[in-house]
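A.B. asks: Take this sequence and fold it.
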Amino acid sequence: MTAAALDPTTSTTAGAAATMTAIVQDRYGSEPEAVLRLGETAKPAIGGDEVLVRVRAASVDRGTWHLLTGMPYAMRAAGFGVRSPKAPNPGRALAGVVEAVGAKVTEFAPGDEVYGTCDGSFAQYAVAQPSILARKPPKLSFEQAAAVPVSGVTALQAIRKANVQSGQAVLVVGASGGVGTFAVQIAKSLGAVVTGVCSAEKVHLVRSLGADHVIDYTAQDFADGTHRYDAIIDTGGNRRLSHLRRALTARGTLVIVGGETGGRVLGGFDRSLRAGLVSPFVSQKLAMLTAKENGADLDAIRELIEAGDVSAAVDRAYPLSETAAAIRHLMDGHAQGKVVVTV
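C.D. replies: Residues are numbered from 1 along each chain as shown. Sure, this is the predicted structure:
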């Protein structure tokens, strides 16, 4: 590493402008087009233990919507800003090229292609901690790589929490969504027999990801008693706990990822809390997942990608100026896989 790279104020682009183009959010709201605007903001400075990334692509997920709306209210109390968002940009996942590194950073150098999470990825530049970055899988484009960090890591941790083993029957509810598409593939890589649940128009996508069986939830109830599953990964967010338990084996494991019932206070996370309360009193294991961002899991997913076991299902890419439309596309339920923003 050069001496210049060790200077936290150094950029690989000498004389670069002190401003950048970014999405700006000043207030909470349910209409992306009304809340988000494209503007010129200060190019971020980095500290000694941080990395500046030239963003090439970012992705949208359910968390983006929560940051946009400030819902449920519990997240505001948790530190995201009570009256207005503390973070002026709701982007989290990114793929790009390291522009500069702080004096204490030894893991990366300018020019490295990386992917991971940060604050404010809907921008030309973003600051990230080295611990939540990893080297981008070479076989993925920047658009594909940006689809991985939040959803892929969440899926990996959900599969681990369910302790999925070869030969087990695994049900993925919401199999065509961001987390679901990765969960199907990761479970298959472990040798599980995977059934995906999605709507009719998304059946082809879920089959293409390797699911052994696909259930169209508009035509069939997966909890009708026909089959029971050793593990259920529920990313759908709106089914009753009792309904999910009917599809589990007597000692099966349910892992709930997120909660999307629309409640203004807890937003569906009360279902996850109930699962934890019920679990000690039944033979089934019922758990919620709180995903933890980390570079080690990004490295693990990169290995699965390089082995050909996992791919990134990108539904559509929007330019930075159309970030609001990208979020709208996801929340309207049209997306098949991940929605990406290119920068």
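
A.B. asks: my guess is residue 289 meets residue 253, correct?
C.D. replies: No: between residue 289 and residue 253 there is no contact under C-beta atoms under 8 Å: 11.4 Å. For glycine as for every other residue, the C-beta is placed from the backbone atoms N, C-alpha and C.

A.B. asks: wait, what's in contact with residue 253?
C.D. replies: Residue 253 sits next to 161, 162, 163, 230, 231, 232, 284, 285, 286, 287 when contact means C-beta atoms under 8 Å, 6 or more residues apart in numbering.

A.B. asks: Tell me how many other residues crowd the last one.
C.D. replies: To tie it back to what came earlier, the one meant is residue 287. Other residues lying near residue 287 total 16 when counted by other C-beta atoms under 10 Å.

A.B. asks: In three-state terms, label it for me.
C.D. replies: Look at residue 287: counting by DSSP: H, G, I helix; E, B strand; the rest coil, its state is strand.

A.B. asks: what's near enough to touch residue 318?
C.D. replies: Residues near residue 318 by C-beta under 8 Å, 6+ apart: 325, 326, 329, 339, 340, 341, 342.

A.B. asks: 7 Å instead, please
C.D. replies: When contacts are counted by C-beta atoms under 7 Å, 6 or more residues apart in numbering, residue 318 touches 325, 326, 341.

A.B. asks: what about the second one, is that helix, strand or coil?
C.D. replies: For residue 326, the secondary-structure state derived from three-state DSSP is helix.

A.B. asks: now the last one
C.D. replies: Assigned state for residue 341: strand (three-state reduction, three-state DSSP).

A.B. asks: What count of nearby residues applies to the residue found closest to residue 295 once you drop the neighbours it is linked to in the chain?
C.D. replies: Leaving aside its sequence neighbours, residue 295 sits nearest to residue 134 (C-beta to C-beta, 6 or more residues apart in numbering; 4.6 Å). Burial of residue 134 is recorded as 25 neighbouring residues (other C-beta under 10 Å).

A.B. asks: I'd assumed residue 134 was in a helix, is it?
C.D. replies: No: the assignment for residue 134 (three-state DSSP) gives strand, which keeps it out of a helix.

A.B. asks: how close does it sit to residue 98?
C.D. replies: Per C-beta to C-beta, to the nearest Å, residue 134 is found 12 Å from residue 98.

A.B. asks: One more: residue 157?
C.D. replies: Residue 157 is 26 Å from residue 98, by C-beta to C-beta.

A.B. asks: okay, these two: which has more neighbours?
C.D. replies: For residue 157 versus residue 98, the count of surrounding residues by other C-beta under 10 Å is larger for residue 98: 24 against 21.

A.B. asks: Now do the helices in the stretch 51-200 of the chain.
C.D. replies: Remark: helices assigned in the stretch 51-200 of the chain by DSSP state H, counting those that start in this stretch are 62-69, 73-75, 142-146, 149-161, 178-189.

A.B. asks: which strands and helices sit next to the longest one?
C.D. replies: With contacts defined as 3 or more C-beta pairs under 7 Å, 6 or more residues apart in numbering; DSSP states H and E, the secondary structure elements packing on helix 149-161 are strand 113-117, helix 178-189, strand 248-257, strand 285-289, helix 295-306.

A.B. asks: Please identify the deepest-packed of those.
C.D. replies: helix 178-189 (a mean of 28; mean count of other C-beta atoms under 10 Å).

A.B. asks: domain parsing for the chain?
C.D. replies: 4-148+312-342, 151-289 (automatic domain parsing).
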